[in-house]
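Chemist: Next input, structure requested:
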Amino acid sequence: MGGPTGVNGSVDLRDANALVTGAGGDIGRAVARALSELGATVALVGRTTRTLEATAAVLPGPSHVLAVDLSDDDAVRSLLTSSGALFADELDVLVHCAGTYGRGPMDQASLGAFDDLYDANVRAPYHLTQALLPSLKRQRGQVVFVNSTQGLAASEGVGQFAATQHALKAVADSLRAEVNAAGVRVLTLHVGRTASGRQAAIFADEGRPYEPELLLQPSDVATMIASCLTLPRSAEVTTLTIRPLLKSY
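Modeler: Numbering: from 1, shown residues only. Presented below is the predicted three-dimensional model:
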């Protein structure tokens, strides 16, 4: 995947190898489908085999289901062995869609919950990216961190979650400075409220009606990521924010 081979110099993802974490979730599934529609073979990574198989069922192209807990170091090592064998250590695209959410004021939120958020939202993607960097560098690959708008400005009651998103942006920014010379592109996409099971729970917790039609759609996020990944190699999108046009919150 080193050079531009598509229309107008765009990057052609046909026959590319992609790995998407959180692929059993709403956004991860949409991203996996978008990459599959562009011709990539997609490794679907997440905790639950059932949801990953549901994602695989809607993809037009080949995929591999890899159920793993990314907060478990031994499981990650097993994942690396599996993905390396599947792709012959040639990975072109890594998209981080996995993560957890928590909320609560500082005087009530537990340190244990903060540790869990850090492990899932910062340490796990850091570990996986670090391990896959040799393959990504060989392929002049691309890394996408699906972040939150809370990673730009924290709202009341979500300080712990927002802190992990700010940290994830720092990881991406530093990585970009390290790997651009090797031809690797790194994108952070800060996503606003998106129609999903997570948002339905958040709206319920806030005591507000959930109106998914007024939110971003997972396909909106996937379309933006696909556009950035196929951009000609003369350019790199570093940081983007996408949010609903109409506000229901």
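Chemist: can you point me to the longest helix in this protein?
Modeler: With secondary structure taken from DSSP state H, the chain has its longest helix at helix 159-179.
Chemist: before we move on, what SS does the residue sitting furthest away from the middle of the chain have?
Modeler: What lies farthest from the middle of the chain is D107; by C-alpha atoms, centre = their mean that is 30.6 Å. Following DSSP: H, G, I helix; E, B strand; the rest coil, we place D107 in the coil state.
Chemist: ok, now which ones touch it?
Modeler: By C-beta atoms under 8 Å, 6 or more residues apart in numbering, D107 lies in contact with nothing. Where C-beta positions appear, they are placed from N, C-alpha and C, glycine not excepted.
Chemist: sorry, back to before: report all helices and strands that the longest helix of the chain contacts.
Modeler: Secondary-structure packing of helix 159-179 (3 or more C-beta pairs under 8 Å, 6 or more residues apart in numbering; DSSP states H and E): helix 111-118, helix 124-138, strand 142-148, strand 185-191.
Chemist: Go ahead and name everything in contact with that helix.
Modeler: For helix 159-179, contacts defined as C-beta under 8 Å, 6+ apart pick out 99, 101-104, 106, 109, 113-114, 117-118, 121-122, 125-126, 129, 133, 136-137, 143, 145, 147-148, 150-152, 154-155, 185-188, 190, 236, 238-239.
Chemist: rerun at 6 Å
Modeler: Helix 159-179 is touched from outside by 101-102, 106, 109, 114, 117-118, 121-122, 126, 145, 147-148, 150-151, 154, 186, 188, with contacts defined as C-beta atoms under 6 Å, 6 or more residues apart in numbering.
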